[in-house]
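**Student:** Below are the sequence and a predicted model for it; my questions follow.
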Amino acid sequence: MDTRPGTSSESGNGGQWAPARGGSPSFLRQVNVLSVLRTVREQGPLSRTDLRRLTSLSRPTINEVLGVLFATGYLIEDEPDIGQRSFRSGPAPRMLRFAAEVGHVCGIDIGAEKILVKLARLDGEVVASVRVATPRLSTPAETIRRVRNAVRIACTEAGIGEVEVRQAAVSTPGIVDPSTGCVFLAPQLRGWEGLRLADRLALQCPVVVENEMHLAVLGERWRGAAKGIDDVVYIGLGVGIGAGVVLGGRLHRGLGGAAGEIGYLPLTVDADAVTGGRGAFETAAGAHALGARAQKLARGRNGGLLRELAGGDPTEVTAATLFAAASAGDAAAATLISDEAKLLAHAIATVALVLAPSVVIIGGGLSRAGALLLDPIQERLPALLPVPPPQVLQSTLGEDAATIGAIYVALQITDDRLYTTVAGGER
């Protein structure tokens with residue numbers, strides 16, 4: 001899967017490695033080392049007998065290669081668990097495993113209202129998670145300071161030093177130029193446009209920056225609702241609306257990294273009147289718009305339940321209040337949600353006609369409505385499409401989607417570096 005600007009990595013755990021020469025003993029040794037490392041990493045723990053069977057390498061070759069990998073610290077051979085009963089005759093074998101604990105990666109999600117930092121071992125297991133609320137009018141300097149502090153707290157929680165983090169990947173609103181790493185078109189964060197975020201963060205490890213929707217779709221495909229699906233669109237429904245796209249198993253960024261900016265779809269009557277950096281569609285269908293319609297309903301004669309749920313104050317009504325009222329059987333609230341579903345169904349149909357994904361994952365704050373919103377969307381799609389519609393599913397990762405996607409990307413980069421280092425015989 002293509003996860004970084006200018007790369008063509010396409011393997012599940014690490015990229016394609018292509019040596020520059022072939023046929024020599026040194027070349028064959030490199031191939032064998034990589035084969036053993038990948039096999040143990042992806043299928044371990046394994047005994048030496050299992051490893052020989054899976055790689056078709058001879059016993060002497062396996063022993064030679066393992067000596068190289070033990071020296072790097074990336075493979076460990078554990079003594080058998082005495083308490084574990086073996087169904088084989090003779091003593092239980094020692095087991096080879098990838099030493100995932102020798103390094104860590106960091107996934108960071110910077111949003112308009114929160115910062116989420118997760119640390120993971122080299123096998124993707126999350127070992128620390130820190131969530132920090134951010135004031136909406138924070139300056140870039142204030143936000144960056146909070147990110148650095150959250151990373152320090154996460155490292156302390158994991159019991160490691162910051163220098164032990166090998167790679168960080170950062171999720172941000174806005175378009176990230178793949179060639180420069182510069183962020184633009186990010187109205188959610190004041191002063192964010194034009195920022196070279198990787199440089200400004202100045203963490204003690206390499207940093208790659210990516211759009212939040214791009215990372216969210218990678219997260220859902222790796223560990224979420226779209227696991228293993230090659231053609232998937234993730235739509236984040238919040239104050240803003242955006243999409244992340246995977247086609248043929250590869251992340252699709254588009255020209256300048258701008259693929260997925262569906263918040264600017266001109267699907268509403270007043271599309272030309274939109275100002276302030278937001279797109280026509282997200283202005284009409286985003287969380288603020290839905291909340292405003294719910295507040296208007298709460299002020300009217302059919303808004304009694306909404307007012308009650310908001311403590312008597314219509315200005316406190318939000319999209320979440322609207323969903324709660326609909327769940328309680330409020331017909332007027334259900335009508336508003338149906339209207340919202342119609343808007344979203346038209347946007348999804350537009351995306352489906354162009355990209356033909358198998359699955360559309362709905363994430364973001366509005367996705368918490370679940371079936372209240374997703375079922376009417378799915379029901380409307382067949383009438384809008386000349387072909388079978390994609391399946392519409394709720395995100396299973398929730399607000400963690402972009403951070404999990406960031407961990408995935410950080411692991412991909414770390415894997416590429418690891419395999420190149422081991423193949424080159426470095427220590």
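**Tutor:** That came through fine.

**Student:** Surely residue 381 touches residue 346?
**Tutor:** No. Taking C-beta atoms under 8 Å as the definition, residue 381 is not a contact partner of residue 346, at 9.6 Å. To be clear about C-beta, it is placed using only N, CA and C from the backbone, and glycine gets the same treatment.

**Student:** next structured bit after the host helix or strand of residue 296?
**Tutor:** For residue 296, the enclosing helix or strand under DSSP states H and E is helix 287-299. Once helix 287-299 ends, the next helix or strand along the chain (criterion: DSSP H and E) is helix 304-309.

**Student:** now that following helix, how far from the chain's geometric center?
**Tutor:** 36 Å (C-alpha atoms, centre = their mean, to the nearest Å).

**Student:** so where's the longest helix in the protein?
**Tutor:** If you go by DSSP state H, the chain has its longest helix at helix 331-355.

**Student:** Just the C-alpha atoms of stretch 159-173, please, in PDB.
**Tutor:** The C-alpha trace of stretch 159-173 is given here as PDB (Å, rounded to 0.1, in the frame of the first residue of the first chain):
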ATOM      1  CA  GLY A 159       8.500   3.600  30.300                       C
ATOM      2  CA  ILE A 160      10.700   4.600  27.400                       C
ATOM      3  CA  GLY A 161      12.800   7.600  26.500                       C
ATOM      4  CA  GLU A 162      11.800   9.900  23.600                       C
ATOM      5  CA  VAL A 163      15.000   8.900  21.700                       C
ATOM      6  CA  GLU A 164      13.600   5.300  21.600                       C
ATOM      7  CA  VAL A 165      10.800   6.400  19.300                       C
ATOM      8  CA  ARG A 166      11.900   5.500  15.800                       C
ATOM      9  CA  GLN A 167       9.300   7.200  13.700                       C
ATOM     10  CA  ALA A 168       6.300   9.500  14.200                       C
ATOM     11  CA  ALA A 169       3.400  10.000  11.800                       C
ATOM     12  CA  VAL A 170       1.100  13.000  12.300                       C
ATOM     13  CA  SER A 171      -2.500  13.400  11.300                       C
ATOM     14  CA  THR A 172      -3.700  17.000  10.600                       C
ATOM     15  CA  PRO A 173      -6.700  18.700   9.100                       C
END
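
**Student:** Hmm, residue 345 is touching residue 385, no?
**Tutor:** No. Judged on C-beta under 8 Å, residue 345 makes no contact with residue 385 at a distance of 9.8 Å.

**Student:** what's around the closest residue to residue 344 other than its chain neighbours, how many residues?
**Tutor:** The shortest distance from residue 344 to any non-neighbouring residue, by C-beta to C-beta, 6 or more residues apart in numbering, is to residue 377 (5.4 Å). By the criterion of other C-beta atoms under 10 Å, residue 377 has 22 neighbours.

**Student:** where does the stretch 1-150 of the chain dip in pLDDT?
**Tutor:** 1-25, 81-91 (pLDDT under 70).

**Student:** how does it look with 80?
**Tutor:** Within the stretch 1-150 of the chain, the segments meeting pLDDT under 80 span 1-27, 79-92, 136-137.

**Student:** So which residues of it form helices?
**Tutor:** 25-43, 48-55, 59-72, 140-158 (DSSP state H, counting those that start in this stretch).

**Student:** Out of those helices, which is closest to residue 355?
**Tutor:** helix 25-43 (30.1 Å; C-beta to C-beta).

**Student:** now for the closest one, which elements pack on it?
**Tutor:** helix 48-55, helix 59-72, strand 75-78, strand 95-98, helix 401-423 (3 or more C-beta pairs under 8 Å, 6 or more residues apart in numbering; DSSP states H and E).

**Student:** Return the set of buried residues in that helix.
**Tutor:** For helix 25-43, a neighbour-count test (16 or more other C-beta atoms under 10 Å) marks 29-30, 32-41 as buried.

**Student:** for the stretch 201-350 of the chain, what are the low-confidence residue spans?
**Tutor:** Residues of the stretch 201-350 of the chain that meet the cut-off, pLDDT under 80, sit at 268-278.

**Student:** still on that earlier bit, tell me the angle the helix or strand hosting the residue nearest to residue 344 makes with helix 287-299.
**Tutor:** In this structure, residue 377 sits in helix 371-384 according to DSSP H and E. Angle, helix 371-384 to helix 287-299, by axes from the mean of the first three to the mean of the last three C-alpha atoms, to 10 degrees: 110 degrees.

**Student:** which residues sit against the helix holding residue 296?
**Tutor:** 237-239, 282-283, 303, 306-307, 310, 314-315, 317-319, 321-322, 332-333, 336, 339-340, 364-366 (C-beta atoms under 8 Å, 6 or more residues apart in numbering).

**Student:** From those, keep the buried residues only.
**Tutor:** 237-239, 282-283, 303, 306-307, 310, 314, 317-319, 321-322, 332-333, 336, 340, 364-366.

**Student:** burial of the nearest residue to residue 261 once chain neighbours are set aside, as a residue count?
**Tutor:** Distance criterion C-beta to C-beta, 6+ apart; nearest residue to residue 261, sequence neighbours excluded, is residue 242 at 6.2 Å. Using other C-beta under 10 Å, residue 242 has 26 other residues around it.

**Student:** cool, and the one 4 residues further on?
**Tutor:** The local packing of residue 246 (other C-beta under 10 Å) involves 25 other residues.

**Student:** now the longest helix of the chain against helix 371-384, angle please.
**Tutor:** Going by the same axes, to 10 degrees, helix 331-355 makes 50 degrees with helix 371-384.

**Student:** Given the helix or strand just after helix 331-355, what are its sheet partners and their directions?
**Tutor:** As assigned by DSSP H and E, the chain's next helix or strand after helix 331-355 is strand 359-363. Its sheet considered, strand 359-363 pairs with strand 232-237 (parallel), strand 391-394 (parallel) by DSSP bridges.

**Student:** Sweet, I'm off.
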